[in-house]
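Asks: Generate a structure from the sequence data that follows.
(one chain, ligands or ions: 1)
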Amino acid sequence: MKIVKSMKRTLRGAATTATALALLAGPCALPATAQTPAPAAPAAAEQAKRPNVIVILVDDMGFSDIGPYGSEIPTPNLDALAANGLRFTQFYNSARCSPSRASLLTGLYPHEAGVGYLDNVVRPDGAGGLQGRIADRAVTIAEVLKPAGYFTGMAGKWHVGAQHGTPPKVVGFDRSMFQKGGTYFPDQPGKGRTFVTIDGRQVRLDSPEVGTGEWYASDMLVDWTVRFVDEAKAAGKPFFLYLPFTAVHFPVMAPAEDIAKFKGKYMAGWDQLRRDRFERQKKMGLIAADAQLPGVLPEAYDWDKVPAADKERFDTIMAVYAAAVSRMDKAIGTLVADLKARGEFDNTLILFMSDNGGNAESGPDGRTGAAPWGGKYSNVFVGLNWATLQNTPFRYFKHYTEEGGIATPLIASWPAGIDTKVRGTMVREPGHLVDVMPTLAELAGARYPARFDGHDIRPMSGRSFAGAFEGEPLTRSVPIFWEHEGNKAVRDGKWKLVAQFGAPWQLYDMSTDRTETRDLAAAHPDIAARMAKQWDDWAATSFVDPWPNKIDGGVVKGRLEGGKAPGPGKGKRGKGKRKRAAQATTGE
Ligand SMILES: [Ca+2]
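Replies: Below you'll find the model as predicted:
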């Protein structure tokens, strides 16, 4: 705790000065050249106590898919981390894979970081918000912590511009092992899936160098992470490790014996299971007792009207997904056990998050591909109905800026650093991925630079949440912003303004209506106008260009509706490489 207090003196103590505001807040208020204060060098004894950090990012997992957030899927290892750490009730991502990852890694909003869309989309003129790579005006957490003496490593899905010049090796990671998203097994077929990249070197996916035997990705990635822990210890350094899991992105896969454990458990149907999750969330205090569960979209199916054979198909789809969540939790248990065996668990800050909400792509029917579903040749997409369950109690999905698209669990575990008086409690102030950089820079005693590698660096857009570890209230001087595919939102205190592409703004009072059921835009036009201007000003200064066309994000009418059964295995993934944002449909 000494180190936290020491850093707080130097960083938060300066928060009343203009320069420190650039460090802790201000996405666009100050020029990129604003000088940020360097914290005083911690004393040697305090240096030794700086935490190790492991940032775990799960892919396409909904808000309520783990036990601490109301799931029926057993996740005992995450339960334990939450019970002894902190749960954030209003933490946000940026609605989609690449944008969220860029934001998490840089402490900037996606467009500021150069990755306002998936990293295969690059604007011809290059320098704005769609560069398909981490922009020169950004630095990664690895680049900030490494000069402070940290060992840096990552294992998992990268998805922020390896093909455009920013693989992990180039942006501060001492060691890296990355692969295409959705890679679960060593001999899984698929374009771009035949190799992994280890420290910049392409290695066959089924090479023993990647993992031995018929590995499953969650286990294999934890093995790599623990290897990096050992390398850091051998070097006598604290570590920053980034663990972006394959799980639970499409094509969802899991070992057959795990899928078998969940078969039949989803025959209760999405409607009942959603109500069950909602009741658990209210009971645990995650959601207000008087919260309203929003109605489902008109594209969703009424479970009671689904034919029996289709119910079995849907049950299997969700069993595959539940198995993938369960195995991800089991792998986290292995990670925790290995950290404990090395005496490193107590002083390791573990953060657990999802990069976007549950995914409705493929519409209400979902997809299955070749049997056995969940096996290496299959192509399971959960679809809109199960995604609605996954995002309980919120509406909409990955791609969208309603709460279902952007709300993520955040679990923080750090036995040596989180005060005993707050362990097991919930942090209720809003936060965003942009807050991770300032938090880690503070705890590591690292300096966020004003210039790096010959370029001016934008001030961080977030603020540290380290105070929460001591039970301090968290304040925020500027709103939180979103834009993805023309879907947009602003969160300013208790108010949230949100709109889908081409639709009018809606206004919600999140203090009384977190589930966005009562639009107050007409009742408070002054507040809506003020926040719309906040968004416009932010977009104008944050490289956010107007988006050209509507993307459905999986909210489409299914084939089952109207009496026609879904196909046995519409095996095709989303359309191939998109060269232009205007052609984009679905993707990682
Ligand atoms: Ca994702």
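Asks: make it CA atoms for all contacts and neighbour counts henceforth
Replies: Will do.
Asks: Let me see the ranges of the strands in the stretch 251-400 of the chain.
Replies: Under the criterion DSSP state E, counting those that start in this stretch, strands of the stretch 251-400 of the chain are mapped to 348-354, 367-369, 378-381.
Asks: quick one: which of those is nearest Glu257?
Replies: In terms of C-alpha to C-alpha, the element of these nearest to Glu257 is strand 378-381, at 15.9 Å.
Asks: ok, and what's touching that closest one?
Replies: Applying C-alpha atoms under 8 Å, 6 or more residues apart in numbering, the contact partners of strand 378-381 are 250-253, 317, 361-362, 366-374, 571-573.
Asks: go with 10 Å
Replies: Identification of contacts with strand 378-381 by C-alpha atoms under 10 Å, 6 or more residues apart in numbering yields 188-189, 249-253, 316-318, 320-321, 359-363, 365-374, 387, 569-573.
Asks: filter these to the buried ones?
Replies: Among those, those classed as buried by neighbour count (16 or more other C-alpha atoms under 10 Å) are 188, 249-253, 316-318, 320-321, 359-363, 365-370, 373-374, 387, 569-571, 573.
Asks: I'd assumed Ile411 was in a strand, is it?
Replies: Yes: the assignment for Ile411 (DSSP: H, G, I helix; E, B strand; the rest coil) places it in a strand.
Asks: Which strand residues bridge it?
Replies: Applying DSSP bridges to Ile411 yields these beta-bridge partners: Arg87, Phe352.
Asks: give me the number of residues near it?
Replies: 26 (other C-alpha atoms under 10 Å).
Asks: how near is it to the ion?
Replies: Distance of Ile411 to the ion, given as C-alpha to the ion, to the nearest Å: 18 Å.
Asks: which residues does that residue contact?
Replies: Per C-alpha under 10 Å, 6+ apart, neighbours of Ile411: 56, 68-69, 78-79, 81-89, 91, 350-353, 426-427.
Asks: Mind naming the longest helix for this protein?
Replies: Counting by DSSP state H, the longest helix found in the chain is helix 308-341.
Asks: May I see the buried residues of it?
Replies: Using 16+ other C-alpha under 10 Å as the test for burial, helix 308-341 gives 310-311, 313-336, 338-339.
Asks: Please state the offset of that helix from the chain centre?
Replies: Computed by C-alpha atoms, centre = their mean, to the nearest Å, the chain-centroid distance of helix 308-341 equals 18 Å.
Asks: swap in stretch 400-418?
Replies: Here stretch 400-418 is found 8 Å from its chain centre; the criterion is C-alpha atoms, centre = their mean.
Asks: then it to CSV, C-alphas only?
Replies: The C-alpha trace of stretch 400-418 is given here as CSV (Å, rounded to 0.1, in the frame of the first residue of the first chain):
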residue,chain,number,x,y,z
TYR,A,400,-23.9,-1.0,-30.5
THR,A,401,-23.4,1.7,-27.9
GLU,A,402,-26.5,0.8,-25.8
GLU,A,403,-25.4,-0.8,-22.6
GLY,A,404,-25.5,-4.3,-24.1
GLY,A,405,-22.7,-3.5,-26.5
ILE,A,406,-20.4,-1.6,-24.2
ALA,A,407,-20.9,-2.8,-20.6
THR,A,408,-18.2,-5.2,-19.4
PRO,A,409,-17.4,-6.9,-16.2
LEU,A,410,-14.2,-5.5,-14.5
ILE,A,411,-12.8,-7.7,-11.8
ALA,A,412,-9.7,-6.4,-10.0
SER,A,413,-7.7,-8.7,-7.8
TRP,A,414,-4.6,-7.6,-5.8
PRO,A,415,-4.4,-9.0,-2.3
ALA,A,416,-1.4,-6.9,-1.4
GLY,A,417,-2.9,-3.7,-2.7
ILE,A,418,-6.7,-3.7,-2.3
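Asks: pLDDT of that stretch, averaged?
Replies: Mean pLDDT, stretch 400-418: 98.
Asks: do stretch 176-185 as well
Replies: Stretch 176-185 shows a mean pLDDT of 97.
Asks: roughly how far is that stretch from the heart of the chain?
Replies: 16 Å.
Asks: end to end, how far does that stretch reach?
Replies: 19 Å (C-alpha to C-alpha, to the nearest Å).
Asks: what about that stretch and the ion, touching?
Replies: No: Stretch 176-185 is not in contact with the ion by C-alpha under 5 Å from the ion; minimum separation 8.8 Å.
Asks: Is Thr483 in contact with Gly405, as I believe?
Replies: Not Thr; residue 483 is Glu. No: applying C-alpha atoms under 10 Å as the test, Glu483 and Gly405 come out as separate, 11.6 Å apart.
Asks: what sits in contact with each of these two?
Replies: Taking C-alpha under 10 Å, 6+ apart as the criterion, Glu483 and Gly405 both touch Ser94, Ala95, His399.
Asks: From the residues you listed, list the ones also adjacent to the ion.
Replies: Within the shared contacts of Glu483 and Gly405, nothing lies near the ion by C-alpha under 5 Å from the ion.
Asks: Among those, which lie within helices?
Replies: Among those, no member falls in helices (DSSP H).
Asks: Among the contacts of strand 378-381, which ones are in helices?
Replies: In this view, the contacts of strand 378-381 that belong to helices under DSSP H are Thr316, Ile317, Met318, Val320, Tyr321, Ala387.
Asks: just curious, which of those is nearest to Asn120?
Replies: Ala387 (25.1 Å).
Asks: Skipping its backbone neighbours, what lies nearest that closest one in space?
Replies: Nearest non-adjacent residue to Ala387, counting by C-alpha to C-alpha, 6 or more residues apart in numbering: Gly358, 4.9 Å away.
Asks: what do you get for Val555?
Replies: Gly363 (5.8 Å).
Asks: give me every residue that touches the most centrally placed residue in the chain.
Replies: Geometric centre of the chain, nearest residue: Asp355, 2.0 Å, by C-alpha atoms, centre = their mean. Applying C-alpha under 10 Å, 6+ apart to Asp355 gives the contacts 57-62, 92-101, 103-104, 244, 398, 405-409, 433.
Asks: next one: Arg175
Replies: Residues in contact with Arg175, defined by C-alpha under 10 Å, 6+ apart, are 151-155, 168-169, 198-200, 224-225, 228, 231, 241.
Asks: 8 Å instead?
Replies: Thr152, Gly153, Met154, Lys169, Ile198, Asp199, Phe228.
Asks: thinking Leu474 is in contact with Gly493, fair?
Replies: No: the criterion here is C-alpha atoms under 8 Å, and Leu474 misses it with Gly493 at 11.4 Å.
Asks: one step back: look up how far the ion lies from the residue nearest to Val555.
Replies: The value you get for Gly363 to the ion, if C-alpha to the ion is used, is 17 Å.
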